[in-house]
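K.L.:
sequence first, then the predicted structure, then my questions.
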Amino acid sequence: MKTEAAKIGMSIVEATAAQSAAVPDAARSLVGKADVILLPTDSTVVSAVESVVKVGVDAKIPVYASDTNSVERGAMAALGFNYYKLGRLTGEIAAKVLNGAKPGDIPVGTLDSEDLYLNLASAKKMGVTLSEAMTQSAAKVIDQ
């Protein structure tokens with residue numbers, strides 16, 4: 001990620017937290033250093049999404065998430081897989097195994113697209129105006 005960011009003139013600033021209680025301090029350490037915050041799909045971070053969102057709102061730093069569920073919890077946006085679609089795909093593969101297929105003979109299943117989720121209320125609180133085109137292209141728009 002750092003290599004690709006450098007190719008387009010961006011840099012990555014990391015903040016780590018070994019436990020959920022340390023996530024707010026890690027987020028606050030980015031204020032003044034980062035233009036945006038990207039949350040990984042990591043159980044330590046995801047369990048403390050709201051604390052990162054608060055930092056984003058207070059400092060007017062947009063918070064993006066790697067998982068769509070975090071948008072419902074206050075992240076401004078996420079481009080990620082849809083858990084429902086992933087569950088269906090997993091179920092289809094499980095059904096093949098239950099019907100006698102050997103797991104090693106089943107091709108790897110992948111989702112064919114990612115979904116854009118937007119939280120308009122969070123965007124406004126973070127000082128971001130999202131275009132109508134972006135809003136219309138979203139799979140889900142939250143405005144609360």
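P.N.:
Nice, thanks for sending it over. Numbering: from 1, shown residues only.

K.L.:
helices and strands around the helix or strand that contains Y117, which ones?
P.N.:
Using DSSP states H and E, Y117 maps to strand 115-119. When contacts are defined as 3 or more C-beta pairs under 8 Å, 6 or more residues apart in numbering; DSSP states H and E, strand 115-119 packs onto helix 69-72, strand 77-80, helix 132-137, strand 140-142. Every residue, glycine included, has its C-beta placed from N, CA and C.

K.L.:
packing partners for the second one?
P.N.:
Contact here means 3+ C-beta pairs under 8 Å, 6+ apart; on that basis strand 77-80 packs against strand 63-65, helix 69-72, strand 115-119.

K.L.:
hmm, back to that, just put the helices and strands packed on strand 115-119 in TSV and tack on mean neighbour count.
P.N.:
Converted to TSV, the helices and strands packed on strand 115-119 look like this (neighbours: other C-beta atoms under 10 Å):
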stretch	mean neighbour count
helix 69-72	21
strand 77-80	22
helix 132-137	10
strand 140-142	16
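
K.L.:
let's have these in CSV, adding mean pLDDT and distance to E92.
P.N.:
Putting the helices and strands packed on strand 115-119 into CSV (pLDDT from 0 to 100; distance: least, C-beta to C-beta, whole Å) gives the following:
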stretch, mean pLDDT, distance to E92
helix 69-72, 94, 22
strand 77-80, 93, 20
helix 132-137, 96, 27
strand 140-142, 96, 23
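
K.L.:
save these as CSV, and put in distance to L39 too.
P.N.:
CSV is the format used below for these (distance: least, C-beta to C-beta, whole Å):
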stretch, distance to L39
helix 69-72, 6
strand 77-80, 8
helix 132-137, 19
strand 140-142, 16
